[in-house]
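Q: Pasting the sequence and the predicted model now:
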Amino acid sequence: MKHAGVLLAVIALLMPHILQADTSDAKARGLEIATQADERDSGWQFQSSDMEMILRNRAGKESRRKISTRQFEVEGDGDKTLSLFQEPRDVRGTAMLTFSHGLEPDDQWLYLPAIKRVKRISSRNRSGPFMGSEFAFEDLSSQELDKYQYRHLRDEACDPYQCYVIERIPRYENSGYTRQIVWLDQTEFRSIKIEYFDRKDELLKTLDFSDYQEHPGGFWRADRMEMTNHQTGKSTTLLWFNYDFETPLKSGDFNKNALKRLL
Amino acid sequence: MTWVQRGLRYLRLLAVVLWASAFASPAPADVSKQFELSLQGQFFPGLSSDPADIREQFFTGIEAEFSSDFDSEHLIGTFLPYGRIASGGGEMNHVDIRELNLLYTQDNWEGIAGISRVFWGVTESGHLVDIINQTDQLEGFDGEDKLGQAMIRISRLFDQSTVDLYALPGFREREFLPPGQPLALPFTISDDKPLYGAGNEAQHMDFALRLSGYQGIADYGLSWFSGTSRDPEFVLQSTGTYRPRYPLIHQAGLDLQLTLDSWLWKLEAIHRTFESDTVTDDFTAIIGGTEYTIYGLADALFDLGLLAEWHGDSREDRTTVPMQNDLFAGLRASFSDTQSSEFLAGIFSDLDDGSDSVRVEASRRILGDARITLEAQSFVNVDSGNALSYLKDSDFIVLSLQLFF
């Protein structure tokens, strides 16, 4: 009994270390998977696409937005993104330029065509809804590796793929989430599903990716994304068209003064 | 005629030829078109029921925008005519070419020739630095509407800054609200053509230079303007009417915004000097203030912005300068609903004589694509010695519907 007591005491002392070893393994594995996913989606340099957003309220009533986007990859920093609003027509010509900086606040400008004014805006509102949709600004922003802390949870089937399931906790300030759970397919490291947990750690939204297409350079893009808000019953569908990884874009096209000359 | 004016004439001709060919050639370049139809009612409940007073009036306006890249990587052409018909007709009907220009871009260079509009500045409750275009007083009391200005602009774009050089031929006079109109100036404007500081009058070539850019949290602009002032002085005639006079001026301008998390700090300052002996002395004016936003109120239903801006002017004369020592304080609510509803309420207070004016703006999208806007201003308490005392009975409500095609 004496020995058993010592053994128990030793186990009790070691327990936290054993658990910690387990979590730090899971963290290392999570980071490893996220790093691979990030590397798979690096090196595209520039891309452009058109997006249609279909907003649905609880009663199923729809409203639509159309946005053209251009992106410029920046090595060692967040990407530069230009969004040009086409519909609804009352905001046509409005453009938003974002220089994302990972953990630092993004630089963001808005161009208002009716008064020809370029305004620097605060990027603090990461958790706010984008154009009244179920997507928050942070859901659509440049996904840099260092924006989250990762943990590998398990591997499981995610029809028709086999998936890694990882948890990621935002490291940037003012996120609307305590954590997200991401399903990545094991062959191409594409996002298949993301669950978002609100500040009370309750399931808030689910994002489903489908209709993946492979583009030149081996970059995969989902043509359809479906965001469902479980707490409000609202949903938003994003449909992507005209992906172009080949027509060159220059860093100079992503300039706050160039916002005035978009067509 | 100077070489610049001659050059501009050729460029206008080129613009017309390109436009015509875009429409007429067998394989026409893609021209994007959009139209905005606006219906507006203006109401002045404080005016008497005397038939001479206009207590309400209605406007129908149309703005068209045509743009094309003429199948070229480097060119963009824009044509933007505007016109409106007033219920009262006459001088309140209004036509203007807001834009008719060709923009050429090549690497880090950009050039524009033709009629265009330009905005400079950062503050919300007033604009000091903005000087290129003449204010369109027929369209709105807030001075946000501008007449198209003929120009040649050459710009060099750097990574974080831009230098713009402007040559501005063809000065445009201010169009005043006709006598009897609510909000019209309290004296009669002479029908004679205006007086000018420049010997060649409206033909004088104005120049402007601007350096603008950003560095970290700071967005800045430094500007210089040399030419005919867009703001007239008024010279009393023997007939008792006032004749507008546009002096020659030099104006240095600074605009600065610091974006610090939820705080925006804004400053605009100008120093204007007059080229010859005029009724006005050189002066300095500033607007400075802040906007603080609280995000995601009422379960992320809206963001609330708190605004405060101070207006100062070295002329210090409250009887002639409306914003000599005035404070604007306001609230802005931006809703995250699918109609993008916006609401702004604010008060302008003259810190010298206590005059107050309250302003409200609200808008939301309706019918999918249209927008409805309410704008109201009340001159609640205007001291008889204040430059705006003539407006004391001119409280107004403007209701507008914009339809887009």
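A: Cool, the structure landed.
Q: Strands of the stretch 151-300 of chain B, residue ranges please.
A: Along the stretch 151-300 of chain B, counting by DSSP state E, counting those that start in this stretch, strands occupy B:161-168, B:195-196, B:206-215, B:218-228, B:233-236, B:242-246, B:248-260, B:263-274, B:283-296.
Q: What of the stretch 1-150 of chain A?
A: Assigned by DSSP E, counting those that start in this stretch, the stretch 1-150 of chain A shows strands spanning A:46-56, A:62-72, A:80-87, A:95-101, A:104-112, A:117-121, A:148-158.
Q: is it possible to export the ones you listed to TSV including distance to B:Phe234 and mean pLDDT?
A: Where you see a C-beta, it was placed from the backbone N, CA and C, and this is true even at glycine. Putting those into TSV (distance: least, Cβ to Cβ, whole Å; pLDDT from 0 to 100) gives the following:
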stretch	distance to B:Phe234	mean pLDDT
strand A:46-56	53	96
strand A:62-72	49	94
strand A:80-87	43	93
strand A:95-101	41	93
strand A:104-112	33	92
strand A:117-121	30	94
strand A:148-158	64	95
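Q: of all these, which lies closest to B:Gly330?
A: strand A:117-121 (16.2 Å; Cβ to Cβ).
Q: what packs against the closest one?
A: Here strand A:117-121 touches strand A:104-112, strand B:248-260, going by 3 or more Cβ pairs under 8 Å, 6 or more residues apart in numbering or on different chains; DSSP states H and E.
Q: B:Ile115: which of the strands of the stretch 1-150 of chain A is closest?
A: B:Ile115 lies closest to strand A:117-121 among the strands of the stretch 1-150 of chain A, at 18.5 Å (Cβ to Cβ).
Q: Direction included, what does that closest one pair against?
A: Next to strand A:117-121 in the sheet, as set by DSSP bridges, lie strand A:104-112 (antiparallel).
Q: Indicate each strand paired with whichever strand or helix holds B:Ser32 and its parallel or antiparallel sense.
A: Per DSSP states H and E, B:Ser32 falls inside strand B:31-43. Strand B:31-43 pairs in its sheet with strand B:56-68 (antiparallel), strand B:396-404 (antiparallel), by DSSP bridges.
Q: now that strand, how far from the centre of its chain.
A: Relative to its parent chain, strand B:31-43 has a centroid offset of 18 Å by Cα atoms, centre = their mean, to the nearest Å.
Q: Pull out the buried residues from it.
A: By neighbour count with 16 or more other Cβ atoms under 10 Å in any protein chain shown, strand B:31-43 contains the buried residues B:Glu36, B:Ser38, B:Gln40, B:Gln42, B:Phe43.
Q: From those, pick the one nearest A:Ser48.
A: Comparing these against A:Ser48 with Cβ to Cβ places B:Glu36 closest, at 27.1 Å.
Q: Close to chain A: what parts of the stretch 201-350 of chain B are there?
A: Contact residues, the stretch 201-350 of chain B versus chain A (Cβ under 8 Å from any Cβ of the partner chain): B:212, B:214, B:219, B:257, B:259, B:261-264, B:293, B:295-296, B:300, B:303, B:336-340.
Q: What subset of those is buried?
A: B:212, B:214, B:219, B:257, B:259, B:262, B:264, B:293, B:295-296, B:303, B:336, B:338-340.
Q: Could you identify the most distant pair in those residues?
A: So, these by Cβ to Cβ: farthest apart are B:Ser212 and B:Thr338, at 34.7 Å.
Q: Where does the stretch 51-200 of chain A get nearest to chain B, residue-wise?
A: A:Arg89 (3.6 Å; Cβ to the nearest Cβ).
Q: For that residue, give me its contacts.
A: Counting by Cβ atoms under 8 Å, 6 or more residues apart in numbering or on different chains, A:Arg89 touches B:Gln34, B:Asp369, B:Phe404, B:Phe405.
Q: From those, pick the one nearest B:Phe187.
A: Of all these, B:Phe187 sits closest to B:Phe404, with 39.6 Å by Cβ to Cβ.
Q: Which residues does the closest one form beta bridges with?
A: For B:Phe404, the beta-bridge assignment (DSSP bridges) gives partners B:Glu36.
Q: tally of neighbours for it?
A: 19 (other Cβ atoms under 10 Å in any protein chain shown).
Q: A:Glu52 too?
A: Neighbour tally, A:Glu52, other Cβ under 10 Å: 15.
Q: Go ahead and confirm it touches A:Ser68.
A: No. The criterion here is Cβ atoms under 8 Å, and A:Glu52 misses it with A:Ser68 at 10.6 Å.
Q: Would you mind listing what in the stretch 51-200 of chain A touches chain B?
A: With Cβ under 8 Å from any Cβ as the criterion, the stretch 51-200 of chain A meets chain B at residues A:55, A:57, A:63, A:87-92, A:105, A:107, A:115-117, A:119-122, A:124-125, A:127-129, A:131-132.
Q: Select from the contacts of A:Arg89 the entry with the lowest predicted confidence.
A: Confidence by pLDDT is poorest for B:Asp369 among the contacts of A:Arg89, given 86.
Q: Which residue, neighbours along the chain excluded, lies closest to it?
A: A:Arg89 (4.8 Å; Cβ to Cβ, 6 or more residues apart in numbering or on different chains).
Q: Low-confidence regions, the stretch 251-400 of chain B specifically.
A: Within the stretch 251-400 of chain B, the segments meeting pLDDT under 70 span B:277-280.
Q: actually chain A, not the one I typed
A: In chain A (pLDDT under 70), the answer is A:1-22, A:263.
Q: ok, B:Tyr82 - how many residues close by?
A: Counted with other Cβ under 10 Å, B:Tyr82 comes out at 22.
Q: Please name the residues that touch it.
A: By Cβ under 8 Å, 6+ apart, B:Tyr82 lies in contact with B:Gly61, B:Ile62, B:Glu63, B:Ala64, B:His94, B:Val95, B:Asp96, B:Ile97, B:Arg98.
Q: can you tell me the helix or strand for the last one?
A: In this assignment (DSSP H and E), B:Arg98 forms part of strand B:94-106.
Q: Pull up the pairing partners for the next helix or strand along the chain from that strand, direction included.
A: Downstream of strand B:94-106, the first helix or strand assigned by DSSP H and E is strand B:109-116. Paired neighbours of strand B:109-116 in the sheet (DSSP bridges): strand B:94-106 (antiparallel), strand B:149-157 (antiparallel).
Q: Now the ones you listed in TSV, please, with extra columns for mean neighbour count, mean pLDDT and distance to B:Phe187.
A: Shown next, in TSV, are the strands paired with strand B:109-116 (neighbours: other Cβ atoms under 10 Å in any protein chain shown; pLDDT from 0 to 100; distance: least, Cβ to Cβ, whole Å):
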stretch	mean neighbour count	mean pLDDT	distance to B:Phe187
strand B:94-106	18	93	22
strand B:149-157	20	96	27
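Q: B:Ser363 is nearest to which of these?
A: Short answer: strand B:94-106, nearest of the strands paired with strand B:109-116 by Cβ to Cβ, at 21.0 Å.
Q: ok, the longest strand along chain A: who's next to it in the sheet?
A: Longest strand of chain A, by residue count under DSSP state E: strand A:203-215. Applying DSSP bridges, strand A:203-215 is found paired with strand A:191-197 (antiparallel), strand A:219-229 (antiparallel).
Q: Columns mean neighbour count on top of those strands, output as TSV?
A: TSV is the format used below for those (neighbours: other Cβ atoms under 10 Å in any protein chain shown):
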stretch	mean neighbour count
strand A:191-197	19
strand A:219-229	18
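Q: In TSV: these, plus distance to B:Pro81.
A: TSV is the format used below for the strands paired with strand A:203-215 (distance: least, Cβ to Cβ, whole Å):
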stretch	distance to B:Pro81
strand A:191-197	48
strand A:219-229	40
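Q: OK, contacts around the residue in chain B positioned nearest to chain A?
A: Closest approach between chain B and chain A, counting by Cβ to the nearest Cβ: B:Phe404, at 3.6 Å. Residues near B:Phe404 by Cβ under 8 Å, 6+ apart: A:Arg89, A:Asp90, A:Arg92, B:Gln34, B:Phe35, B:Glu36, B:Leu37, B:Asp369, B:Ala370, B:Arg371.
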